[in-house]
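Just the structure for this:
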Amino acid sequence: MSLPLTSSSFSSFASARHNVWRGDELGSADAQVMGTGHSALDAELPGGGWPVGALTEILLDAPDAHVWQLLLPVLARAAGMRKGPVVLIGAPHEPFGPALAAGGLPSESLMWVGGGLPDRVGRSGSTSQSHMWACEQALRCADVAAVMAWLPQARVGELRRLQLAAAQHEGLLFVFRSESVALSASPARLRIRLVSAGGGQMDVHLLKRRGPPLAQPLTLPARSDRITALLAASQMRRKRRRQQAGEAVEPADARNATVVRLDLRKSQPDEPDEREEAHAVDRLAVAA
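Numbers count the residues shown, from 1 in each chain. This is a model prediction of the structure:
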C-alpha cells in the first residue's frame, strides 16, 4: 500500500536528503577537531583539523621522519589548553627540549615512557604489550593533552582497542607505524603517510579521511624557518672557510702555475652535504 506524497512529507524528505553526506565530498567532522597549524592541511581535513577523541595513524618512511615539524603546533596548543602533559610512548629518540620549547612546547609538558630504538620494540611480546598498556592508561587520564605512540608491531585488533579508548578521551591520539603497512586495514579515523621530499620539504599523503581520495600529496615544510636559516648560515660559513683555505695555498703569482685542490670530505665541495644537514636538523630540531 503506497502512501500519498504530501507537501509536508516531501519537505521532510528533501531536508533529510540535504543532510546526507556523499562519498565524493569532503565530509564535515562528526566530533571536535583542532587545527593542525598548517593551513594547506587544514583545508583537506574534515572539520579543518586533527580529530579529537579519535585515533590518527601516521605512517613513516623512517621512525622519526618529520613528526615534530608536523605535530608541534597542535601539541603546543593542546598542552597549553589542558595544562597537562604530552605522553610519548616508545619514542625512538629522546626529544630535544630547547627546540620544542622554541616551538611553544616546554620540556616540562613532556612525559617520555619506554624509550628505545624502534628495531628493539616488538621483538618481545612483553615490550609491545607494555606500550599498549601504557597507551590505554594514558588515555584514561583526564589531564593528558595528547598521546604519541610508536607501535610498529601493533595489530588491527590492538588499534581498535586504542580507537575505542580514544573515543572516551577528549584528547589527541597519534600512532606511528611503518609505511610498509599502508595497504593493511586500519580502524583509524584519519590515516596519513609522511615521505621525505628533499630540499627541506615533506609530502603528506592522505590515505584515509571522510571524503574522496586526494590525488596529489600535500607538500609542507619539513623544517621551521629558524632551522632553515641556521642551516643556511652554517653552509655559508663552511663554504667561506673552504675558499679561504684554497686562497692560502695558492701562490702569489699564479698566472703560470697549476693548482690542484682536493677536498677529502666530499667530491663536490660547492654542493651541500645532505647527510650533514640531516644530522644538524636532528640535533637542532628535536633529535627525533
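
Report how many residues lie close to Phe174.
If you count neighbours by other CB atoms under 10 Å, Phe174 ends up with 22. All C-beta spots, glycine's among them, are computed from the backbone N, C-alpha and C.

That one: what secondary structure?
Applying DSSP: H, G, I helix; E, B strand; the rest coil to Phe174 yields a three-state assignment of strand.

likewise Val87?
Val87 ends up strand, using three-state DSSP.

Tell me the spacing between the residue nearest to Ala146 when sequence neighbours are not counted and Ala40.
Distance criterion CB to CB, 6 or more residues apart in numbering; nearest residue to Ala146, sequence neighbours excluded, is Leu172 at 3.9 Å. Distance of Leu172 to Ala40, given as CB to CB, to the nearest Å: 20 Å.

try Met34
16 Å.

picking up where we left off before, confirm for me that the residue nearest to Ala146 is in contact with Val144.
No. Using CB atoms under 8 Å, Leu172 is not in contact with Val144; the gap is 9.2 Å.

And these two? Which one has more around it.
Neighbours per residue (other CB under 10 Å) separate Leu172 from Val144, with Leu172 holding more: 27 against 22.

Any regions of the stretch 51-200 of the chain where pLDDT drops low?
Along the stretch 51-200 of the chain, the parts satisfying pLDDT under 70 run over 64, 115-127.

Can you identify each of the strands in it by residue range?
55-60, 86-89, 110-113, 146-150, 172-178, 190-198 (DSSP state E, counting those that start in this stretch).

Buried residues in the third one, which are they?
Just to be clear, that refers to strand 110-113. 110, 112-113 (16 or more other CB atoms under 10 Å).

thinking again about what came up before, need the strands of the stretch 51-200 of the chain in CSV with distance to Leu218, can you?
Putting these into CSV (distance: least, CB to CB, whole Å) gives the following:
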stretch, distance to Leu218
strand 55-60, 14
strand 86-89, 24
strand 110-113, 27
strand 146-150, 21
strand 172-178, 17
strand 190-198, 9
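
who wins for proximity to Arg140 among the ones you listed?
Closest approach to Arg140 among the strands of the stretch 51-200 of the chain is made by strand 146-150 (10.6 Å; CB to CB).

That closest one pairs with which strands?
strand 86-89 (parallel), strand 172-178 (parallel) (DSSP bridges).

Let's see it as CSV, backbone CA atoms only.
Taking C-alpha atoms only, strand 146-150 is exported to CSV below (Å, rounded to 0.1, in the frame of the first residue of the first chain):
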residue,chain,number,x,y,z
ALA,A,146,47.9,14.2,23.8
VAL,A,147,49.4,10.7,23.4
MET,A,148,52.1,9.9,20.8
ALA,A,149,52.8,6.2,20.4
TRP,A,150,55.3,4.4,18.2
